[in-house]
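In: Kindly return the folded structure for what I paste below:
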Amino acid sequence: MKFPINVDFNEFIGHHSLLYGETDTKKTYYTAKFVQFLVEHKKVAPNEISILDFAPKLSFIKNLKIGGKIQDYYKNSAKCNNMTFKGEITPPRLNARNKIELYENACQNHKKTSEILEKFSKNPTSILIVNDVSIYLHLGSKKLLLKAIKKADTFFGNSYYGTSIKQDFATLFSLKEKKVVEYLIRAIEKSYLME
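Out: Next comes the predicted model:
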């Protein structure tokens, strides 16, 4: 299903939704706009909106626009229940020169993302926002992710799903990522391809 051009964010409240697609297809932008809609139009208490931001910092690597946080697009999201970790997420493929570095990056990312996913699971809010869920899925459990998502009445997340981020030594890694994201697309109530 394609994401509606004239989007009515009311349609996502009380549902579980996922945006997926290539880099630079406005996945994070629309996720941030949904948070803005909840806070400014629906007057949802910001502490009822948990944000798990797994995206790397916004950067340009090999002519690709990579990452970007919810706060890059909506500054007031800082008032929400942002579940944070120490340090930054590393783009695993693009910041690696070989397979060993690739998995070292993915392991460090997994430690950070699984920590805050567990934190959310222990103390869930009615709304869960996850930016760049594929970062967690590189090594994380899809069952634990879905269990956490089910604890929220409203889930709105996004995931990389494409071919623009690649390295010769990361073929199997990218293939596994594609398969787990496809599993998530099927498992989530509403999934939208971003183009």
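In: Only C-alpha atoms from now on, for both contacts and neighbour counts.
Out: Will do.
In: mind listing what's buried in stretch 149-158?
Out: For stretch 149-158, burial by neighbour count (16 or more other C-alpha atoms under 10 Å) applies to Ile149, Lys150, Lys151, Ala152, Thr154, Phe155, Phe156, Gly157, Asn158.
In: so what does the helix or strand containing Leu18 touch, helix or strand wise?
Out: Leu18 is part of strand 16-21, with elements assigned from DSSP states H and E. Counting by 3 or more C-alpha pairs under 8 Å, 6 or more residues apart in numbering; DSSP states H and E, the packing neighbours recorded for strand 16-21 are helix 27-36, strand 154-160, strand 190-194.
In: Helix 27-36 and that one, what's the angle between them?
Out: 150 degrees (axes from the mean of the first three to the mean of the last three C-alpha atoms, to 10 degrees).
In: just the strands in this structure please.
Out: Secondary structure of the chain (DSSP state E): strands located at 16-21, 49-53, 59-61, 64-66, 81-82, 127-131, 154-160, 190-194.
In: out of the helices and strands packed on strand 16-21, deepest packed?
Out: strand 154-160 (a mean of 25; mean count of other C-alpha atoms under 10 Å).
In: Show me what the helix or strand bottoming out on mean pLDDT in the chain is packed up against.
Out: Across the helices and strands of the chain, the lowest-confidence element by mean pLDDT, DSSP states H and E is strand 64-66, at a mean of 77. Counting contacts by 3+ C-alpha pairs under 8 Å, 6+ apart, strand 64-66 is packed against strand 59-61.
In: contact partners of the strand it packs on?
Out: For strand 59-61, the surrounding residues in contact (C-alpha atoms under 8 Å, 6 or more residues apart in numbering) are Lys65, Ile66, Gly67, Gly68, Leu94.
In: wait, isn't the last one in contact with Gln167?
Out: Yes - in terms of C-alpha atoms under 8 Å, Leu94 counts as a neighbour of Gln167; the distance is 7.5 Å.
In: need the longest helix for the chain.
Out: When the chain is parsed with DSSP state H, its longest helix is helix 99-122.
In: Mind checking the pLDDT average for that one?
Out: Averaged over helix 99-122, pLDDT sits at 97.
In: Please export the C-alpha coordinates of that helix as CSV.
Out: Output of helix 99-122 as CSV, limited to C-alpha atoms (Å, rounded to 0.1, in the frame of the first residue of the first chain):
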residue,chain,number,x,y,z
LYS,A,99,32.5,-7.8,7.5
ILE,A,100,34.1,-7.7,11.0
GLU,A,101,33.5,-3.9,11.4
LEU,A,102,30.0,-4.4,10.0
TYR,A,103,29.1,-6.8,12.7
GLU,A,104,30.9,-4.8,15.4
ASN,A,105,28.7,-1.7,14.4
ALA,A,106,25.6,-3.8,14.3
CYS,A,107,26.4,-5.3,17.8
GLN,A,108,26.9,-1.9,19.3
ASN,A,109,23.7,-0.6,17.8
HIS,A,110,21.8,-3.7,19.0
LYS,A,111,23.0,-3.2,22.6
LYS,A,112,21.7,0.4,22.6
THR,A,113,18.4,-0.3,20.8
SER,A,114,17.4,-3.5,22.7
GLU,A,115,18.1,-1.7,26.0
ILE,A,116,15.5,1.0,25.3
LEU,A,117,13.0,-1.4,23.7
GLU,A,118,13.1,-3.5,27.0
LYS,A,119,12.7,-0.2,29.0
PHE,A,120,9.6,0.6,27.0
SER,A,121,8.2,-2.9,27.4
LYS,A,122,8.5,-2.7,31.2
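In: I appreciate the help and will end here.
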